[in-house]
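> Got a predicted structure plus its sequence, pasted below:
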2 protein chains.
Amino acid sequence: MSPDCRACRGEWPPAETFIADCGPANAYLYADQFFPGWTVLVLKRHAAEPWELERDERNALMDGVTQVARALATVYEAKKMNYELLGNQLAHIHWHLVPRRADDPVPRLPVWTHTHEPLALSPAEQRARIDAIRARLKK
Amino acid sequence: MSPDCRACRGEWPPAETFIADCGPANAYLYADQFFPGWTVLVLKRHAAEPWELERDERNALMDGVTQVARALATVYEAKKMNYELLGNQLAHIHWHLVPRRADDPVPRLPVWTHTHEPLALSPAEQRARIDAIRARLKK
């Protein structure tokens, strides 16, 4: 718990985007759904870099990353999954998991190269995406 | 081994950029050194997604990612490390490990947002960077 950290203070991600408890981390649907299914896995405790974790904790975190990525790939019919741990704006471990689909606007490039208006879903659409991912995770 | 894969065929990364054997993967200095110390960890066998690996293999890969990232952070005095597994152009698992330094041109953004001329080092400069990372990895 770091008092200056927005993730530790519970200010990010929004509670209503919660998908699932993944052991050392929680999964949330990313607010910008321009790339459908974009999900973030946020470590429950404060750490900035993987070497700050015990090996068992890091392995459990990567099990969660792998399990959620596989579910997203199925639900969103990804041709490839992207996995990014950056922390340039918020140095609290959170993994961006982004399905890259056949209709991707920049299939050969990282998502960050594609400037676009963030796509916020309606509450009902958001709920439908969360439910679909949850259902797949339970299989 | 996948016959259509540039990594499997040994065409990428260049042999002279080899840094170290990290168990399931090899580390190489990335050809574009605009962001100093950018390194790639390339899986020795062919796989596209982490769920294609056995858990032990995935854990050993992430140990290598963590160990190399920590060495890069020290040698390049990174404020933050970035970790990216994309595979949009080459779907053979390779991790981009990028030290983000105090003099970074876009410190709050992913490296891909900063268009720039790729910076190729002279053979002597490249060798010096590889030697510095190797020396740190041995500590």
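That came through, no problem. Numbering: from 1, shown residues only, chains lettered A, B, ... in the order given.
> helix, strand or coil for the residue most central in space within chain A?
With distances taken as CA atoms, centre = their mean, residue A:40 lies nearest the centre of chain A, 1.5 Å away. Here residue A:40 is recorded as strand under DSSP: H, G, I helix; E, B strand; the rest coil.
> Now do the longest helix along chain A, average pLDDT.
The single longest helix within chain A, with elements called by DSSP state H, is helix A:55-75. Helix A:55-75 shows a mean pLDDT of 98.
> ok, the helix or strand following that helix: who's next to it in the sheet?
Note on helix A:55-75: by DSSP states H and E, the next helix or strand toward the C-terminus is strand A:80-85. Strand A:80-85 sits in its sheet next to strand A:94-100 (antiparallel), strand B:80-85 (antiparallel), going by DSSP bridges.
> interface residues of chain A facing chain B?
Applying CB under 8 Å from any CB of the partner chain, one finds that chain A approaches chain B through A:48-51, A:55, A:58-59, A:62-63, A:65-67, A:69-70, A:73, A:80-89, A:91, A:100, A:107-110, A:112-113. Placement of C-beta: from N, CA and C, glycine included.
> And those residues, which of them are buried?
Buried members of the residues of chain A next to chain B, counted by 16 or more other CB atoms under 10 Å in any protein chain shown: A:48-51, A:58-59, A:62-63, A:65-67, A:69-70, A:73, A:80-88, A:91, A:100, A:110, A:112.
> Give the closest residue to residue A:36 in space, chain neighbours not counted.
Among residues not flanking residue A:36 along the chain, residue A:76 sits closest, at 5.6 Å (CB to CB, 6 or more residues apart in numbering or on different chains).
> Please apply the same query to residue A:34.
Closest residue to residue A:34 apart from its sequence neighbours, by CB to CB, 6+ apart: residue A:119 at 4.2 Å.
> Show me where chain A dips below the pLDDT cut-off.
Judged by pLDDT under 70, chain A has no weakly predicted residues.
> what's near enough to touch residue A:119?
Applying CB atoms under 8 Å, 6 or more residues apart in numbering or on different chains to residue A:119 gives the contacts A:32, A:33, A:34.
> What does it show for phi and psi?
Main-chain dihedrals, residue A:119, degrees, to the nearest 10: phi -100, psi 110.
> gap between it and chain B?
According to CB to the nearest CB, to the nearest Å, residue A:119 and chain B sit 19 Å apart.
> What of residue A:36?
Distance, residue A:36 to chain B, using CB to the nearest CB: 16 Å.
> quick one: secondary structure of that residue?
Classification of residue A:36 using three-state DSSP returns coil.
> residues touching it, list them.
Shown in contact with residue A:36 (CB under 8 Å, 6+ apart): A:76, A:99, A:101, A:129.
> Serialize the strands paired with strand A:80-85 to JSON lines and add fields for distance to residue B:19.
Formatted as JSON lines, the strands paired with strand A:80-85 follow (distance: least, CB to CB, whole Å):
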{"stretch": "strand A:94-100", "distance to residue B:19": "25"}
{"stretch": "strand B:80-85", "distance to residue B:19": "16"}
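> How about stretch A:20-31, which residues are buried there?
A:20, A:22, A:24, A:25, A:26, A:27, A:28, A:29, A:30, A:31.
> Quick check: end-to-end length of that stretch?
With CA to CA, to the nearest Å as the measure, stretch A:20-31 spans 16 Å from end to end.
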